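**Q** got a sequence here, can you build the structure:
(one chain, ligands or ions: 2)
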Amino acid sequence: MLPNDFPDDIKPFLAPSTGGDMGYDCLVCGARHAPDQLLYTCPACGGILLLTDKKLDRLKEKPGSFWRRLFDHRLMLNLPALKGVFTFHEFLAPNVPLSDVIYLGEGHTPVVKAPPALANLVGANFYVKMEGQNPSASFKDRGMAAALSMLNHLVRVKNLGQVIAVCASTGDTSASAALYASSLGKSVKSAVILPQGKVTPQQLSQPLGAGAAVFELPGVFDDSMKVVERLSEKYQVALLNSKNPWRVLGQESYAYEVAQRFDYSLRDKVLIVPVGNAGNITAILSGLLKFHRASVIDGLPKIVAVQSNRANPVFLYYRQPVAARSYSPVTVRPSVAQAAMIGDPVSFPRLADLSKAYEERAGVSSFFAVEVDETAIMEGMLQANRHGLSICTQGGECLAALRAALAEGLITPSETAVLDSTAHALKFMDFQNAYFEGRLAKEYGVATKPELANRPRSVDLGQAPIPGQGKTMTAAEREAFVSTAALAIAESLGLSEKA
Ligand SMILES: *Cc1c(COP(=O)(O)O)cnc(C)c1O
Ligand SMILES: [Zn+2]
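**A** Ligands and ions are numbered 1, 2, ... in the order given. The predicted model follows:
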C-alpha cells in the first residue's frame, strides 16, 4: 500500500524517526551507561547489562488502540526497514535510524494451528510459531537483526573501520551471526567458535557458507563461551552472544508478533518457550511487559520455560520455594534439544529479574518451569512431524512440556498454548535419523518406539535389468525394470489393480 493511501491519523507515524532514551542498565551495581558504544558487561563492576528506554512512558501517552492500529497498518507498508522486527521500532530500539536497519527477511513467522488429530493426541488446542522460517532458519535472526543494525549504525557514525564480530554457539547463533555479518560486506567480519561435534552438520555448514572464520573447540558450549568472553575482555571485538543486550531487544519482537497474531488478546494464552542461554525467554517476558505497560495488550499470558532434564539449571531454580530459591549451574549431558544444551545460562540474572517483575504484574504462577526427558522431546518432534507440523527438537521439547503441564494440572485444556519451534526441523534431522536407525539409545537415553520409526523400504527387483550411470537401456529392458519395480511397490503398499 502506498504511504498516501493510509488513513490520515496513521500517515504521520508510519515511518518512525529516532526517539526514546536508550541506555545500558547494569543489573548488579545499577550504573547506567550511554548506548553509543558496544558494551557486554558493566565497565564499573562486570555485571550483566540490559538495555532500557528511560522515556518508555512516552509510549503511554497514546492509547493502546493507537499502537494496535499503527502496527496492523504497518504490515501493509512496503518499507524494507519496517518489514521485520523493526515493525515495532518504538518499543524495540528507537535509537536506531531506519536507514541503518538491516532486513534479511526475519520475523513475522507463521503461527500455525495444530491439526485436530494432533490436538486430540495431546489433549488441548494449540498453535506453533514457526521460527525455523527465519533467514538462517532459527529465531536467532530476530536478535541479530537488532544487534547488527546497531553495529551498522555505530560503524557509520563512529567511523569504526572493520569490526571483527565473534560468538560462541550451540549452532544457530553462529549461523545467524555469520549471515547477518556477511550482509554488511567488508565492514564486519565474523568469527564463530563452536563446540566440536556438538552442533549438527547443517549448522556447521551455515557459517562456513557465509564466509565466517569457523573455529571448533573441544568441550561443550559453556567451554567455548568462556573462550569468547576472554576474547572480548582482551581484544577489540564485537560480541554477538546473548550477552549482547541488543539481541535481547530484537528477540522481543516474538512477543509483539504473538500479540498481534491473536488480535492483542493474550489473557487465555500460554506461551511455551525452550530455555538454553535464557536470552529468548528474557526477551519474551520483557516484550510482553512493555506491551502491557503501554496498554497495547490488556492481559498477560502464562509463560512456561521448558528444559531437558539433562540441561536444567533454570528448571531447578524455579522449582524451589520462592523464598529459598538459589541458582547453581549444572553439568550438561547430551540432549537432542542440543541448541538449548547449556548448563550455565548467561542471561540467567536477566531472567530472574524479569520473571519476578512478570509475576508481580501477571500474578503468581503466571511464570513457571517444566522439565521433560529426552524420549518425550523426540516423540514430541516426531508426532508433530507426523501431523503436518515440521518442528525442531526444541519445538518437540515444547510439545512435551505442554503434555507435562496438562498432566500436572499447571495448565488446563481450556487454555490455548503457543509453542515456540525455535528452529527449522531440517537442522535437527540427524536426531530423527538416529532415532529411526535405533542409534539414540546409548548417549541420549531415548527409548525408541518402533511405531514411530520409519526407514526407506527396499524394492526387490529380482533379475530385472537395472538403470545405471552411462548405461543406455533398450526399450525392452526399461519395460522390464518399470514393470518389476511397479509390481514390487504395489505389493508393498497393498494396492489393488484398477478394474
Ligand atoms: C538458541 C536456541 C535455543 C535457546 O534459546 P536461548 O535464548 O539460548 O535460551 C533454543 N532453540 C534453538 C533452536 C536455538 O537456536
Ligand atoms: Zn555494574
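
**Q** buried set for stretch 331-341?
**A** For stretch 331-341, the neighbour count (16 or more other Cβ atoms under 10 Å) marks 332-341 as buried. Just so you know, the C-beta spots here come from the backbone N, C-alpha and C atoms, and that holds for glycine as well.

**Q** ditto for stretch 74-87
**A** 74, 77, 81-87.

**Q** dump that stretch to PDB, keeping only the CA atoms.
**A** Extracted as PDB, the C-alpha positions of stretch 74-87 are listed here (Å, rounded to 0.1, in the frame of the first residue of the first chain):
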ATOM      1  CA  ARG A  74       2.400  -1.000   9.200                       C
ATOM      2  CA  LEU A  75       2.200  -4.600   7.900                       C
ATOM      3  CA  MET A  76       0.800  -3.200   4.700                       C
ATOM      4  CA  LEU A  77       3.700  -0.700   4.200                       C
ATOM      5  CA  ASN A  78       6.400  -1.700   1.800                       C
ATOM      6  CA  LEU A  79       9.400  -0.200   3.500                       C
ATOM      7  CA  PRO A  80      12.100  -2.900   4.000                       C
ATOM      8  CA  ALA A  81      13.400  -1.500   7.300                       C
ATOM      9  CA  LEU A  82      10.000  -2.000   8.800                       C
ATOM     10  CA  LYS A  83       9.200  -5.400   7.300                       C
ATOM     11  CA  GLY A  84      11.000  -7.400  10.100                       C
ATOM     12  CA  VAL A  85      11.500  -6.900  13.800                       C
ATOM     13  CA  PHE A  86      11.600  -3.100  13.400                       C
ATOM     14  CA  THR A  87       7.800  -3.100  12.700                       C
END
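
**Q** residues touching it, excluding its own?
**A** 1, 3, 6, 14-15, 71, 89, 92-93, 96, 98-99, 101, 103-108, 142, 145-146, 149, 250, 253, 256 (Cβ atoms under 8 Å, 6 or more residues apart in numbering).

**Q** of those residues, buried ones?
**A** The buried subset of those - by 16+ other Cβ under 10 Å - is 6, 14, 71, 89, 92-93, 96, 98, 101, 103-104, 106-108, 142, 145-146, 149, 250, 253, 256.

**Q** so which of the contacts of stretch 74-87 sit within helices?
**A** Among the contacts of stretch 74-87, the members falling in helices (DSSP state H) are 71, 89, 92, 142, 145-146, 149, 250, 253, 256.

**Q** now these as TSV including distance to ligand 2?
**A** Shown next, in TSV, are these (distance: Cβ to the ion, whole Å):
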residue	distance to ligand 2
Phe71	34
His89	28
Leu92	24
Arg142	27
Ala145	27
Ala146	22
Ser149	26
Gly250	23
Ser253	27
Tyr256	29
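
**Q** can I get the residues you listed in CSV with distance to Ser65 and pLDDT?
**A** Shown next, in CSV, are these (distance: Cβ to Cβ, whole Å; pLDDT from 0 to 100):
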residue, distance to Ser65, pLDDT
Phe71, 11, 98
His89, 19, 98
Leu92, 20, 98
Arg142, 26, 98
Ala145, 28, 98
Ala146, 26, 98
Ser149, 29, 98
Gly250, 26, 98
Ser253, 21, 98
Tyr256, 16, 98
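
**Q** ok, those vs Gly211, which is closest?
**A** Nearest to Gly211, judged by Cβ to Cβ, of the ones in helices among the contacts of stretch 74-87 is Ala145 at 18.9 Å.

**Q** the closest one touches Ala181, doesn't it?
**A** No - with contacts defined as Cβ atoms under 8 Å, Ala145 does not count as touching Ala181, sitting 11.9 Å away.

**Q** which bits of this structure sit near ligand 1?
**A** 138, 140, 170, 172, 242, 274-280, 339-340, 392, 394, 422-423 (Cβ under 6 Å from any ligand atom).

**Q** can we see that at 8 Å?
**A** Neighbours of ligand 1 within the chain, by Cβ under 8 Å from any ligand atom: 131, 138-140, 170-173, 242, 251, 273-283, 337, 339-340, 342, 345, 347, 392, 394, 420, 422-423, 427.

**Q** let's see which of those end up in helices.
**A** Those of those lying in helices (DSSP H): 140, 172-173, 251, 279-283, 394.

**Q** which one of those residues sits closest to ligand 2?
**A** Thr282 (17.8 Å; Cβ to the ion).

**Q** need the contact partners of the helix or strand of the chain with the lowest mean pLDDT.
**A** Taking mean pLDDT, DSSP states H and E as the measure, the chain has helix 441-444 as its least confident helix or strand, at a mean of 88. The contact list for helix 441-444 (Cβ under 8 Å, 6+ apart) reads 334-336, 374, 447-448.

**Q** what is the nearest of the residues you listed to ligand 2?
**A** Nearest to ligand 2 among the contacts of helix 441-444, with distances taken as Cβ to the ion, is Ser335, at 33.1 Å.

**Q** the closest one and Asp373 touch, don't they?
**A** No - counting by Cβ under 8 Å, Asp373 is not a contact partner of Ser335; they are 9.7 Å apart.

**Q** joint contacts of these two?
**A** Ser308.

**Q** how long is stretch 406-422 end to end?
**A** Start-to-end span of stretch 406-422 (Cα to Cα, to the nearest Å) is 21 Å.

**Q** residue of the stretch 101-250 of the chain closest to ligand 1, please.
**A** Asp172 (3.1 Å; Cβ to the nearest ligand atom).

**Q** next one: stretch 126-137 to chain centre, how far?
**A** 8 Å (Cα atoms, centre = their mean, to the nearest Å).

**Q** 158 is where my numbering starts, stick with that
**A** Fine by me, first position is 158 from now on; the one you just mentioned is stretch 283-294.

**Q** check contacts around the nearest residue to Leu457 once chain neighbours are set aside.
**A** Closest residue in space to Leu457, ignoring its immediate chain neighbours: Ala519 at 3.8 Å, by Cβ to Cβ, 6 or more residues apart in numbering. By Cβ under 8 Å, 6+ apart, the residues touching Ala519 are 449, 457-459.

**Q** just the CA atoms of stretch 460-477, as PDB, please.
**A** Extracted in PDB, the C-alpha atoms of stretch 460-477 (Å, rounded to 0.1, in the frame of the first residue of the first chain):
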ATOM      1  CA  ILE A 460       4.700 -18.300  30.400                       C
ATOM      2  CA  VAL A 461       6.200 -21.800  30.600                       C
ATOM      3  CA  ALA A 462      10.000 -22.200  30.500                       C
ATOM      4  CA  VAL A 463      11.000 -25.700  29.400                       C
ATOM      5  CA  GLN A 464      14.300 -27.500  29.700                       C
ATOM      6  CA  SER A 465      15.500 -31.000  29.200                       C
ATOM      7  CA  ASN A 466      16.300 -32.800  32.400                       C
ATOM      8  CA  ARG A 467      19.800 -33.100  31.100                       C
ATOM      9  CA  ALA A 468      20.400 -29.400  31.000                       C
ATOM     10  CA  ASN A 469      18.000 -27.900  33.600                       C
ATOM     11  CA  PRO A 470      19.600 -25.200  35.800                       C
ATOM     12  CA  VAL A 471      16.600 -22.900  35.200                       C
ATOM     13  CA  PHE A 472      14.100 -25.600  36.000                       C
ATOM     14  CA  LEU A 473      15.900 -26.400  39.200                       C
ATOM     15  CA  TYR A 474      15.900 -22.800  40.200                       C
ATOM     16  CA  TYR A 475      12.200 -22.200  39.700                       C
ATOM     17  CA  ARG A 476      11.100 -25.400  41.300                       C
ATOM     18  CA  GLN A 477      12.400 -24.300  44.700                       C
END
